[in-house]
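>>> Quick one, fold the following:
(one chain, ligands or ions: 1)
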Amino acid sequence: MSFVIAIDGPAASGKGTLARRLAAHYGLPHLDTGLLYRATACALIEEGLPLDDVEAAVEAARGLSLTDFDEARLRSREMGEGASLVGAMPPVRAALIDLQRGFAARPEGAVLDGRDIGTVICPDATVKIFVTASAETRAQRRALELAARGEEVDFSAILEDVRKRDARDSERSAAPLKAAADAVTLDTSELDREQAFAAALAIAARGRRAR
Ligand code: CDP
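Numbering: from 1, shown residues only. Purely as a prediction, here's the structure:
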């Protein structure tokens, strides 16, 4: 039976790391769906188009190919902000549904992480985990991540970003960030990477047995 793990959560909650590690553990393919929104924003920026051009954003989203993402460029703070803007446009989200569902429909299963995987993209996922952490913890993690990439970091600006993005992602009408009713919430504020992974693995194993 196919094994689909849906991981959702706010910015810098650690969902990407957990998704990657769960995928490696179970030998499943992994899709970081944030990259789709980041790549859509990136296409507009590269063409010199404004980020509120819905038509151009839909066209960019339709033209995405999973194999040619420049991850280093897409992970910047600028692209994260852009992703959050295009991600609030219902036609952009609609344009990306088939790509994500197609990925999740692989025979062995898949791990997908994002904001609306358990609620919209894969409502029948075998396991749903909603990963969260306090805004301060997430801003600290994001600051370390950006510094490691050589970006200049200003902690208060990053905390402000995290809060602004939480508000925009949770309050938008199209697929707002929220835990699915049948998701297990994992708060990683007080957990290190290993503890968070152990907790996620326990949730996944339990969910799989229950099916
Ligand atoms: O971890 P972080 O939120 O910085 O990055 P991300 O997961 O790559 O998401 C960037 C932005 O894309 C989010 O703030 C969301 O607005 C949007 N996004 C979305 O709307 N739906 C998804 N499934 C994934 C990302």
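
>>> And the helices in the chain?
For the chain, applying DSSP state H gives helices covering 15-26, 34-46, 54-62, 71-74, 77-86, 90-104, 135-148, 155-171, 193-210.

>>> Tell me who's in contact with the residue of the chain found nearest the ligand.
In the chain, the residue found nearest to the ligand is Gly34; the distance is 2.0 Å by Cβ to the nearest ligand atom. Bear in mind the C-beta positions are built from the backbone N, C-alpha and C, glycine included. Gly34 makes contact with Gly16, Gly80, Ala83, Asp113, Gly114, Arg115 under the criterion Cβ atoms under 8 Å, 6 or more residues apart in numbering.

>>> so what's the closest residue to Val54 other than its chain neighbours up against?
The shortest distance from Val54 to any residue that is not its chain neighbour, by Cβ to Cβ, 6 or more residues apart in numbering, is 5.3 Å, and that residue is Met89. If a contact means Cβ under 8 Å, 6+ apart, then Met89 has Val54, Ala57, Val58, Ala174 as its contacts.

>>> and what of Leu112?
Remark: with contacts taken as Cβ under 8 Å, 6+ apart, Leu112 is in contact with 4-7, 19, 30-31, 33, 100, 103-104, 121-122.

>>> most surrounded residue in those residues?
Most neighbours among those, by other Cβ atoms under 10 Å: Ile7, with 33 neighbours.
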